[in-house]
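K.L.:
give me coordinates for this.
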Amino acid sequence: MCLKILVSGILALIILTPFGMFYRGLPLNIIDPDRVTDYRYTPNYVYSYFYEGFSIGKMNNEGYNNTFDFTRGMSLDVLLMGPSHMEAFQVMPEENTANLLSNLSHQTVYNVGVSGHSLQTCASHFEAAVKKYSPSRYVVMGIANIRLSDEVLTSVLEHNVPNVDKNFGQRSALRLFLRENPYLRFVWGKVHDTLKNNFLRKTELPASFSQNNPELLAKVLAQMSDTLSQSKSGAKLIIAYHPPVSLNLDGSLKIESDPEVSRQFSELCAQNGIYFLDMSERFLSEYAKDYTLPYGFINTSVASGHLNKYGHRMFAEEIYKLMQRIEAQS
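P.N.:
Residues are numbered from 1 along each chain as shown. Now for the predicted structure:
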C-alpha cells in the first residue's frame, strides 16, 4: 500500500506539473527593494491562468502586470495601486482596469497592483510609490474593503503594517522547492486555505464594529494627502471602492457593504482633499439593465471572487468619469 501511494504520488507529480504550468502558471514573488509593494513578481515572466477566469500575459521588466516596461525617469500620468483585483490575473491584459483606463483617458497608467495589498498595505507604501514613480495627475487606489479596525489604522500611522508574506527571508530549501513546482504550489495553497478556514483562528472585526474610527482614519488619509502635497507632483489621490455583491433569493442584486461606512469614508476623504468613488450604484444599475455581474466567471461561482472583465470595464469607466469631473472643476 505504501508503495502504491508513493508511485501514485510520483506519477501525479510528473503528469500534473506541466498541466499546472498551464492551468495556474503564475510567476514567483520576489521582494521589492524599492518598497513600493511588499513584493513583486519575476520580471518578464510569461504566465497563464485558468483557475479563475482565463488569462495569458507577460509581466513587465519590474515584475508588475503592465503591457509596457518602466524605466527610471519616464513620465507617468496615473499610478494604480491595489490588491489582486488590480493585479488582474483573472482577465486578459487588455481587459484590466489599468489598460481600459489608459485607453479611455489617453494617459499613461502604470499598475503596481499586487495580491494581498489592501488599503492599509498600499497606505504603508504610499510614500515610496509616489517618490519612485512621480505620477503627474493621479494616484488611484482600487480597493474592495473600507472597514478597518483601530489596530490596522494604528499600524499604518506607526509604520508597522505586517508584510503580506511574513516568510520572506525565512525560506527553507523545502519551501523553495515547493514554490518552484506549480503543482505542489497549488496543492499546498489548497491545504493552507483549508487549514486557515477550518482550524486556524480567524481575525474578524468585532460584532459591535460598525464604522471606522473617524480620528484614526482621518489621520491615515491626511498622511497620504500630505505625502502627495510634499511631492509637489500635482497629482490627486482617488480611492476607488468596489464593494462585494451577492444575489438575493428573488434574483436581485445585493451590495454587501454598509452605506453608512461608505458615507463616513467619503466625508473623511473630502475633508483631506482625497476623491472617493463608490461603485455600488453602478453595479446596481448595470445589473438592473441587463443582469451583468461585476464578479464571477464561467469556471467559478457567480457574483463572487475577483472582478471579471465587466467589473473591470465598469470600474475603469467610473474612474474616468470622476477624472473628467475633477478636470472640469479645476
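
K.L.:
could you give the backbone dihedrals for the nearest residue to Glu95 once chain neighbours are set aside?
P.N.:
What sits nearest to Glu95 in space, not counting adjacent residues and going by C-beta to C-beta, 6 or more residues apart in numbering, is Lys309, at 4.3 Å. Quick note: C-beta positions are derived from backbone N, CA and C, even for glycine. Main-chain dihedrals, Lys309, degrees, to the nearest 10: phi -60, psi -30.

K.L.:
count of residues packed around Lys309?
P.N.:
A total of 19 residues lie near Lys309 under the criterion other C-beta atoms under 10 Å.

K.L.:
roughly how far does it sit from Lys4?
P.N.:
45 Å (C-beta to C-beta, to the nearest Å).

K.L.:
with Ser266 instead?
P.N.:
61 Å.

K.L.:
which one's more surrounded, those two?
P.N.:
Each of Ser266 and Lys4 has its neighbours counted (other C-beta under 10 Å); Ser266 has more, 18 against 8.

K.L.:
the more buried one: which element?
P.N.:
helix 259-271 (DSSP states H and E).

K.L.:
quick check: Ile255 touching Tyr241?
P.N.:
No - look at Ile255 against Tyr241 with C-beta atoms under 8 Å: they stay out of range, at 10.9 Å.

K.L.:
tell me the phi and psi of Gly113?
P.N.:
Here is the backbone geometry of Gly113 (degrees, to the nearest 10): phi -60, psi 130.

K.L.:
over to Tyr275?
P.N.:
Here is the backbone geometry of Tyr275 (degrees, to the nearest 10): phi -90, psi 140.

K.L.:
what is the neighbour count of the residue nearest to it when sequence neighbours are not counted?
P.N.:
Among residues not flanking Tyr275 along the chain, Ile238 sits closest, at 4.6 Å (C-beta to C-beta, 6+ apart). Ile238 is flanked by 21 other residues according to other C-beta under 10 Å.

K.L.:
wouldn't the residue nearest to Glu95 be in contact with Glu94 here?
P.N.:
No - applying C-beta under 8 Å, one finds Lys309 not in contact with Glu94, separated by 9.5 Å.

K.L.:
contacts for stretch 24-38 next, please.
P.N.:
Contacts with stretch 24-38, where a contact means C-beta atoms under 8 Å, 6 or more residues apart in numbering, come from 39-42, 45, 47-51, 59, 63, 89, 112, 114, 116-117, 121, 125, 128-129, 132-133, 163-165, 168-169, 179-180, 182, 186.

K.L.:
which residues touch the residue positioned nearest the centre of the chain?
P.N.:
By C-alpha atoms, centre = their mean, the chain has its centre lying nearest to Pro83, at 1.5 Å. Pro83 makes contact with Gly113, Val114, Ser115, Gly116, His117, Ser118, Thr121, Gly142, Ile143, Ala144 under the criterion C-beta under 8 Å, 6+ apart.

K.L.:
what score does it have for pLDDT?
P.N.:
Here the pLDDT value assigned to Pro83 is 97.

K.L.:
can you pull the phi/psi pair for it?
P.N.:
Dihedral angles for Pro83 - degrees, to the nearest 10 - are phi -90, psi -150.

K.L.:
Ile5 too?
P.N.:
phi -60, psi -40.

K.L.:
same question for Gly25.
P.N.:
Dihedral angles (degrees, to the nearest 10) for Gly25: phi -90, psi 70.

K.L.:
related to what we said a few turns ago, for the contacts of Pro83, which one is nearest Asp150?
P.N.:
Of all these, Asp150 sits closest to Ser118, with 15.9 Å by C-beta to C-beta.

K.L.:
how much space separates the closest one from Ser155?
P.N.:
Relative to Ser155, Ser118 is positioned 12 Å away (C-beta to C-beta).

K.L.:
gap between the two ends of stretch 114-130?
P.N.:
16 Å (C-alpha to C-alpha, to the nearest Å).

K.L.:
how far does that stretch sit from the chain's center?
P.N.:
10 Å (C-alpha atoms, centre = their mean, to the nearest Å).
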